[in-house]
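1. Below: sequence and its predicted model.
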Amino acid sequence: MTVRLRAHHLLCMLTYVGKGYTPDFCANYDKIAARLTRGEDIEIVAGPDDVCAPLLATEAPHCHNDSVLVRDAQAAAAASDMLGATVAPGYRFALDAALLSRFRAAFAAGTSRTACGGCEWSGLCDGIAGGGFDGTRLAGGR
């Protein structure tokens with residue numbers, strides 16, 4: 001199977017520790033982190049993805065907001081730099097340990113975080129990155 005992710009979720013998944021918008025959102029994200037840890041491929045999509053699914057049934061989900069589309073474009077540019085390829089809808093890749101380490105190093109250094117500006121979770125992610133990504137769900141954390 002393949003995990004469908006919008007570009008900014010490539011960054012969010014790096015610091016996911018089980019906190020999120022709702023219990024259903026977190027349960028879904030836990031499953032996605034486990035799938036990625038097992039080595040499932042990632043496919044970049046435009047708009048709502050597998051992470052967004054539990055929010056789509058709520059009133060006025062933010063997944064469709066213009067600000068989220070801007071965040072996706074900024075994250076795609078950062079991911080393109082890290083991967084050495086153009087990250088756009090339809091792009092597929094596997095997240096192995098070396099690539100995860102490279103993504104986390106760039107995130108911790110702040111070089112891939114343009115898309116994080118104004119995000120309500122940014123403070124939490126700062127602490128997680130500053131703490132060496134301890135407790136993250138993807139690949140069991142470090």
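-> Alright, I've got the coordinates.
2. for the residue lying closest to Cys119 once chain neighbours are set aside, helix, strand, or coil?
-> Of all residues not flanking Cys119 in the chain, Arg71 sits nearest, at 7.3 Å (Cβ to Cβ, 6 or more residues apart in numbering). All C-beta atoms are positioned from the backbone trio N, CA, C, and that covers glycine. Judged by DSSP: H, G, I helix; E, B strand; the rest coil, the three-state class of Arg71 is helix.
3. got the contact list for Arg71?
-> 8, 115-116, 119 (Cβ atoms under 8 Å, 6 or more residues apart in numbering).
4. tell me the pLDDT at it?
-> Turning to Arg71, the model gives it a pLDDT of 95.
5. What separation is there between it and Ala27?
-> 23 Å (Cβ to Cβ, to the nearest Å).
6. Surely Ala94 touches Gly39?
-> Yes - between Ala94 and Gly39 there is a contact under Cβ atoms under 8 Å: 6.4 Å.
7. In the chain, where is pLDDT below threshold?
-> 140-142 (pLDDT under 70).
8. Go again with 80.
-> Residues of the chain meeting the criterion pLDDT under 80: 56-62, 64, 140-142.
9. can you map out the helices along it?
-> Counting by DSSP state H, the chain has helices at residues 8-15, 23-37, 66-83, 97-109, 122-130.
10. can the ones you listed go into JSON lines with extra columns for distance to Pro48?
-> Listed next are those as JSON lines, based on distance: least, Cβ to Cβ, whole Å:
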{"stretch": "helix 8-15", "distance to Pro48": "10"}
{"stretch": "helix 23-37", "distance to Pro48": "12"}
{"stretch": "helix 66-83", "distance to Pro48": "9"}
{"stretch": "helix 97-109", "distance to Pro48": "22"}
{"stretch": "helix 122-130", "distance to Pro48": "21"}
